[in-house]
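>>> Next comes the sequence, and after it the predicted model I'd like to discuss.
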Amino acid sequence: MNLQDNLELQVKSAIKTLFDAELESVEFQATRKEFAGDITVVVFPMLRVVKGNPAVIGEQVGQYLQDNVAVVKGFNVVKGFLNIEIADAYYVNFFNGIKGEKNYGFAEVKGNKAIMVEYSSPNTNKPLHLGHIRNVLLGYSVSEILKASGKKVYKTQIINDRGIHICKSMLAWQRFGEGESPESAGLKGDKLVGNYYVKFDKAYKNEIAELVKSGVSKDEAEKQAPILLEAQEMLRKWEGGDEEVVALWKKMNGWVYEGFEKTYKEIGVDFDKNYYESDTYLLGKEFVAEGLRSGVFYKKEDGSVWCDLTEDGLDEKIVLRSDGTAVYMTQDIGTAIQRIKDYPDVGGMVYTVGNEQDYHFKVLFLILQKLGFDWAENLFHLSYGMVDLPSGKMKSREGTVVDADDLIEEMASTAEEISEELGKLEDYSEADKKELYKTIGLGALKYYILKVDPKKRILFDPKESIDFQGNTGPFIQYTYARIQSILRKAEIEDISVDEIELHEKEKQVIKQLAQFPEVIQNAADQHSPALIANYTYDLVKEFNSFYQNVSILGADSELEKGFRVALSANVGHAIKNAFSILGIEVPERM
RNA sequence: GGUCGCAUAGCUCAGCUGGAUAGAGCACCUGCCUUCUAAGCAGGCGGUCCUAGGUUCGAAUCCUAGUGCGAUCACCA
């Protein structure tokens, strides 16, 4: 039983004994630094069942605890706050319990239901950008956090491989490409296809301008531009299975997938399974027909199929066009069902998608419930805020995007500049240096994005580079590296320490360490890597303060030295584990 | 217009189910490298927690209204 649970029981029995009253719960908080004590009981809520002066009640409860609980060695009362001092032995004992535990913080997998996390849903007509990076980092981290909290997790993505967007790139390539390929151009496939998407847009705009000049209204021109009509025709051909179009579609999508794979690999994320909308939209259609039979949906005169959600406070939603073709919703219905078919142990799903789609997912979940799937109760939209630039939204067509690959490279080269300046890596090989710069650069980027609450939007200014000092990834990596340095030098056998007087800084570190498992559970419940990031930062701050104020290798006794080395090692494990569920690597040196 | 989200120091962000004098980092200012890596430590400066009401012993936190910003309400995805 942990300290707080134990104290809760004791406080309850104190109230019972002293005042013959029943307490529902006890409110605890960490004791503020300016007061003596380790944990604080808030007396005010007790006034509901015990009448009296909170300071006096605090005194009495405090005395009771001191008399009856071994680990309570003292107390003081400030206003309605009972500050309890805990004996060092408790913390030493706790530490001995977790000493050397490499997996500290991680829970065992329990239950037989798995969660599927979707965390990427790219269109195949353009490369990944900073917005995708946030999406991917968030989802990957939430997957790892869920695993660490004891859940079985499948990671997946949905690739939006069909539709007018890819036809535009295909058409532009046909027209202007002259057979260009990633190999011939020396370009990543996604970049190449993205270029043709931009080329399409240029040609399209030119045609609109021409039409407007010849007297057509702008609205009309946007609808009539020949190149657009041709792209639409191409989409129809694709849906009709036209061999030539399908072959081109396969070829260009293949280029894009290769490019995506490279980027994912650079970022360091992976998927257990990929889904393609071209595979799942048909299943969606089947279930629309099914829903039509069961009365969940209804058909309008023009043949389009709708779901009436007005009773749920929402609007009517189209699930199938009048010409019988699928809409976004159709595909998502199909994809969800397909996933459960493929993985019957999945009991819930998490969709990592931007908050611009809040409404869409509200509707999707409701429709799946109406269709009667029991797992539809356990769907969660992990909705995150957009990443905006000072100039506003990122737009691929207008070239105002921060490209994912470029950004990762820039981060590494910033890390290189800083490292070179500090000059601590003289004896490193070029290859090792390069590896390290990548670790640090990516660490900075990932931490920068993950430390903020997912639902808040991020304003990213490319001119102001991401920090490497203070509350940053590299700061935490640096602390880890210093710990490893100590461990390399320590040459200490495993010493068991039962009785030792703790230095204040040591106690603070142990307290912080003790919270880790709970923080993971919290982060899992709230789907928030930010909680992990902030926790890690606090832990590292405590450790650094300890490190700078207390000599570890120069401790007065072998016993103390051994204890401090072991404590440092455990902080190292916690940092490494915390960062691993953020998807960030830690270096042995830096 | 309806709905949803956000608003805390000059900037970037914490603040858990309501609890003590609202915390960090960056920036600015002071100290600390002859001792385990100074990407660090110790300290200083800096706040109308958007506004107004309400609930409560107690509100940055909960409720109501308003303001500002963003998103969304397509036979687009």
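Here it is on my side, so go on. Numbering: from 1, shown residues only, chains lettered A, B, ... in the order given.
>>> contacting residues around stretch A:500-519?
A:2, A:30, A:38, A:88, A:91-92, A:94-95, A:98, A:104-105, A:107, A:531-532, A:535, A:538-539, A:542-543, A:545-546, A:549-550, A:559-560, A:563-564, A:567, A:570-571, A:574, A:577-578 (CB atoms under 8 Å, 6 or more residues apart in numbering). Quick note: C-beta positions are derived from backbone N, CA and C, even for glycine.
>>> got it, and stretch A:27-36?
Around stretch A:27-36, the neighbours that count as contacts under CB under 8 Å, 6+ apart are A:4, A:7-8, A:37-42, A:45, A:74, A:76, A:78, A:81, A:83-85, A:511.
>>> Buried residues, that stretch. List them.
Buried residues in stretch A:27-36, counted by 16 or more other CB atoms under 10 Å: A:28, A:31.
>>> what about residue A:553, helix or strand, and which?
Following DSSP states H and E, there is no helix or strand that holds residue A:553.
>>> and it, what does it touch?
Contact analysis of residue A:553 by CB under 8 Å, 6+ apart lists A:486, A:489, A:490, A:561, A:565.
>>> part of a helix, is the last one?
Yes - according to DSSP: H, G, I helix; E, B strand; the rest coil, residue A:565 belongs to a helix.
>>> Pull the contacting residues for it.
Applying CB under 8 Å, 6+ apart, one finds that residue A:565 lies in contact with A:486, A:487, A:490, A:492, A:552, A:553.
>>> Repeat the analysis, applying 10 Å as the threshold.
With CB atoms under 10 Å, 6 or more residues apart in numbering as the criterion, the residues that contact residue A:565 are A:483, A:486, A:487, A:489, A:490, A:491, A:492, A:494, A:495, A:552, A:553, A:555.
>>> Separate out the buried members of the residues you listed.
Members of these that pass the buried threshold by neighbour count (16+ other CB under 10 Å) are listed as A:483, A:486, A:487, A:490, A:492, A:552, A:555.
>>> if I look at the nearest residue to the fourth one once chain neighbours are set aside, how far off is RNA strand B?
Nearest in space to residue A:490, with sequence neighbours left out and distances taken as CB to CB, 6 or more residues apart in numbering, is residue A:565 at 4.5 Å. From residue A:565 over to RNA strand B the distance is 9 Å, taken as CB to the nearest atom of the strand, to the nearest Å.
>>> neighbours of residue A:420, just the number please.
Residue A:420 is flanked by 12 other residues according to other CB atoms under 10 Å.
>>> looking at this, it is in a helix?
Yes - using three-state DSSP, the secondary structure at residue A:420 is a helix.
>>> how close does the residue in the stretch 1-150 of chain A that RNA strand B sits nearest to get to residue A:79?
Proximity of the stretch 1-150 of chain A to RNA strand B (CB to the nearest atom of the strand) peaks at residue A:44, 3.0 Å away. Per CB to CB, to the nearest Å, residue A:44 is found 9 Å from residue A:79.
>>> same thing with residue A:147?
Counting by CB to CB, the gap from residue A:147 to residue A:79 is 44 Å.
>>> ok, back up a step: so which of the contacts of residue A:553 comes closest to residue A:521?
Each of these was checked against residue A:521 using CB to CB; the closest is residue A:565, at 29.2 Å.
>>> And the pLDDT at the closest one?
As predicted, residue A:565 sits at a pLDDT of 95.
>>> follow-up on the earlier one: going by neighbour count, which of the contacts of stretch A:27-36 are buried?
Among these, those buried by neighbour count (16+ other CB under 10 Å) are A:7-8, A:37-41, A:76, A:78, A:81, A:83-85, A:511.
>>> Need the CA coordinates for stretch A:136-154. CSV is fine.
Presented in CSV, the C-alpha positions along stretch A:136-154 are these (Å, rounded to 0.1, in the frame of the first residue of the first chain):
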residue,chain,number,x,y,z
VAL,A,136,2.3,11.4,-35.8
LEU,A,137,4.2,12.2,-32.6
LEU,A,138,1.1,12.6,-30.6
GLY,A,139,-0.4,9.3,-31.7
TYR,A,140,2.8,7.3,-31.4
SER,A,141,3.3,8.6,-27.9
VAL,A,142,-0.2,8.0,-26.8
SER,A,143,0.1,4.4,-28.1
GLU,A,144,3.3,3.9,-26.1
ILE,A,145,1.7,5.5,-23.0
LEU,A,146,-1.3,3.2,-23.3
LYS,A,147,1.1,0.2,-23.5
ALA,A,148,3.0,1.5,-20.5
SER,A,149,-0.2,1.7,-18.6
GLY,A,150,-0.9,-1.9,-19.2
LYS,A,151,-3.0,-2.0,-22.4
LYS,A,152,-2.5,-4.0,-25.5
VAL,A,153,-2.2,-1.6,-28.4
TYR,A,154,-2.3,-1.8,-32.2
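>>> close to RNA strand B, is that stretch?
No - counting by CB under 7 Å from any atom of the strand, RNA strand B has no neighbours in stretch A:136-154; the shortest distance is 12.5 Å.
>>> Pull out the buried residues from that stretch.
Those buried within stretch A:136-154 under the rule 16+ other CB under 10 Å are A:136-149, A:151-154.
>>> quick one: average pLDDT of that stretch?
Mean pLDDT, taken over the full extent of stretch A:136-154, equals 97.
>>> Output the below-cut-off pLDDT ranges for chain A.
Where chain A drops to pLDDT under 70, the residues are A:1, A:493.
>>> now the strands for it?
A:28-30, A:39-42, A:72-78, A:81-86, A:114-118, A:152-159, A:273-276, A:298-299, A:305-308, A:316-320, A:346-354, A:379-384, A:387-388, A:458-459 (DSSP state E).
>>> want to throw those into a markdown table with distance to residue A:178?
Output for the strands of chain A, formatted as a markdown table (distance: least, CB to CB, whole Å):
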| stretch | distance to residue A:178 |
| --- | --- |
| strand A:28-30 | 67 |
| strand A:39-42 | 73 |
| strand A:72-78 | 80 |
| strand A:81-86 | 76 |
| strand A:114-118 | 38 |
| strand A:152-159 | 28 |
| strand A:273-276 | 29 |
| strand A:298-299 | 48 |
| strand A:305-308 | 44 |
| strand A:316-320 | 40 |
| strand A:346-354 | 37 |
| strand A:379-384 | 41 |
| strand A:387-388 | 36 |
| strand A:458-459 | 40 |
